[in-house]
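Colleague: Starting from these lines, generate the structure:
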Amino acid sequence: MSVVHEWKKLIKAAHTGTVTSFDDIINNIKVDKERLKADGLEDWEIAMYHEDLATTPDFDQNGKPNYNNDFYEAVEVVHKGRLLLSKHIEPYLSSTELEPKTIDGRRESLKQFSARFKFIEDVKRADVRYWLNVEIGAQQNKSRATLGRLVTDCNQYWEYLQVHHGLDIPTPFSKVLPPKNKKKSKIAVAAQRKAFRVEDYHRLIKASLDKGDDTLADLIKLAAHTGCRIEELCSLKLGNVHDDRIIITDAKTEAGWREIPIHKDIKQTVTRLMNTATTDYLLSGLSFNKYGDRSNAIGKRFGRLKTELGYGPDYVFHSLRRAFSTQLENAGVERTTVARLMGHELGDQTFGGYSDGLYFDRLKEAVGKIDYRR
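Modeller: Just a heads-up that it's a prediction; the model follows:
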C-alpha cells in the first residue's frame, strides 16, 4: 500500500504540473521495475501491476476520474519497447550538418509530427495523409509547399531512425500529398517574382538616398551589377574583394563559389566601401541575427521601401538578381556564361563535370553588357 501511495502522489504531481518530463516518468517506472524484480516478481507480473496503476484513475474535487495518458504510454515504452518519436529528435538534429535556421525549422516540423503521432506504431500512411491534407492543409490553410517541406523533414527523420535505431517499418510518407499541378494557374503565374527594370533600379536608389539609407542604396547597386543574392553580399568580406573582382565563397551550393568581375559603374562604390569599412565586411554597419545572418535587418528595410514605392509581393530583393539575368539574356550572353556568373548548376556533364570554368576575360566581357543608364 505504501508503494501504491507513492504512485498516486506521482500521478497527482503529473496532473498538477509538478512532473513535467515524460522521461522522468519513464525513469520512475524503470526504477520501480528493478525494485520489484529484486523482490522476486516476474516481468509479466510487474507489467500487469504497472498497467493497473497507470489505468487507475485519480479523482478531482468533483469526484470525476482523471486518467493520465503519459503514465500509460510510459509503461508501454518500458514494458513493450515501443519507440517514442520525440525521444530521438535532438540526437538526430545534432547529427546533421544543416544551417541553424534550417535545423530550427526541421525541429518545428518534427515537434508537430511527434505531437500528432506519439509512437512509431501509431504512424499509418492513411493517418499521415489525413493529418497533412486535412488537419494541416485544409484546417490550418497551409500551402502545398509547406506540406512538402513537412513531408521531407519527417521522412529524413524516419530514415535516421531506420539507420540508427533499427526501425524496419517502410516510410509512411510516400505519395501522401496530391501531385503538383503541372500547368500553373493564372493566379500562380501572376504571383511569380518579376525582374526590376532600369527605371525601377533608379527609383529604388533615389528612395533609399532620400531616406538617408546609404547602405541600402549601395547594396542595391551591388546586387544589380553582380547578380548576387542578398546574403552573399552582406557576408562578403574585404579579403574576397579585389581591384577587378569579388570572390563568393559563402554560397548556397558549390556552384555558387565563383568570381564576378566588378562592373565599371560600381567600381567607385566598391572602392569607397573598402576605404571606409569599419569591420571585416565590405558592407559595414549590418548586425547579425541569431543565425549569424547579416542580411535579415537590411532585407526588411528593402521590403518596406519597395512596398512604399507601390511594388507588390511579386517584387522582392531577388528581383534585382532577375534583372541581372534578364539583361544578360537580352544582350545575347551564352547560357553557360550566365550560369557561371550567377552560381547556377550546369546541367550537363561536359561543362558541369569537366570544365574548370570560363576565363575571367570572358566573364568580364559579359558583365560589361549590364547597363542601367537611362
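
Colleague: Would you map the strands across the stretch 51-200 of the chain?
Modeller: Secondary structure of the stretch 51-200 of the chain (DSSP state E, counting those that start in this stretch): strands located at 58-59, 65-66.

Colleague: and the ones you listed, which one is worst for confidence?
Modeller: Among these, strand 65-66 carries the lowest mean pLDDT, at a mean of 58.

Colleague: and stretch 313-324, which residues are buried?
Modeller: Across stretch 313-324, burial judged by 16 or more other CB atoms under 10 Å covers 315-317, 319-324. Heads up, the C-betas are built off the backbone N, CA and C, glycines and all.

Colleague: just stretch 83-100 next, same as before
Modeller: 83-89, 92-93.

Colleague: from those residues, which single one is nearest residue 234?
Modeller: residue 93 (26.1 Å; CB to CB).

Colleague: From residue 108, how far off is the closest one?
Modeller: Residue 93 is 11 Å from residue 108, where distance means CB to CB, to the nearest Å.

Colleague: next one: residue 269
Modeller: From residue 269 to residue 108 the distance is 40 Å (CB to CB).

Colleague: okay, those two: which has more neighbours?
Modeller: Ranked by neighbour count (other CB atoms under 10 Å), residue 269 and residue 108 place residue 269 first, with 17 against 12.

Colleague: Figure out the helix or strand that that one lives in.
Modeller: Using DSSP states H and E, residue 269 falls within helix 267-276.

Colleague: Where does residue 259 sit: helix, strand or coil?
Modeller: strand (DSSP: H, G, I helix; E, B strand; the rest coil).

Colleague: Just confirm it contacts residue 244, I think it does.
Modeller: No - look at residue 259 against residue 244 with CB atoms under 8 Å: they stay out of range, at 9.4 Å.

Colleague: now what about the longest helix seen in the chain, what contacts it?
Modeller: Using DSSP state H to define each element, the chain has its longest helix at helix 144-164. Helix 144-164 is contacted from outside by 83, 88-89, 92, 95, 105-106, 109-110, 112-113, 120, 132-133, 136-137, 167-168, 171-173, 176-177, 180, using CB atoms under 8 Å, 6 or more residues apart in numbering.

Colleague: and if you look at stretch 87-99?
Modeller: 23, 103, 106-107, 110-111, 114, 157, 160-161, 164-165, 291.

Colleague: cool, stretch 206-216 as well?
Modeller: Here stretch 206-216 makes contact (CB under 8 Å, 6+ apart) with 217, 220, 283-286, 298, 301-302, 305, 308-309.

Colleague: out of those, who's nearest residue 336?
Modeller: Nearest to residue 336, judged by CB to CB, of the contacts of stretch 206-216 is residue 220 at 27.4 Å.

Colleague: Show me where the stretch 201-350 of the chain has its helices.
Modeller: 214-226, 230-234, 267-276, 296-308, 318-330, 335-342, 349 (DSSP state H, counting those that start in this stretch).

Colleague: Quickly, which of those helices bottoms out on average pLDDT?
Modeller: Across the helices of the stretch 201-350 of the chain, the lowest-scoring stretch is helix 349, with a mean of 42.

Colleague: Toward the C-terminus, what is the element adjacent to the lowest-mean-pLDDT helix or strand in the chain?
Modeller: Least confident helix or strand of the chain, by mean pLDDT, DSSP states H and E, is helix 349 with a mean of 42. For helix 349, the succeeding helix or strand toward the C-terminus, using DSSP H and E, is helix 360-367.

Colleague: So which bits of that next one are buried?
Modeller: Buried residues in helix 360-367 (16+ other CB under 10 Å): 362-364, 366-367.

Colleague: can you check stretch 152-170 too?
Modeller: 153-154, 156-158, 160-161, 167.

Colleague: go on, stretch 274-287?
Modeller: By neighbour count with 16+ other CB under 10 Å, stretch 274-287 contains the buried residues 277, 281-283, 286.
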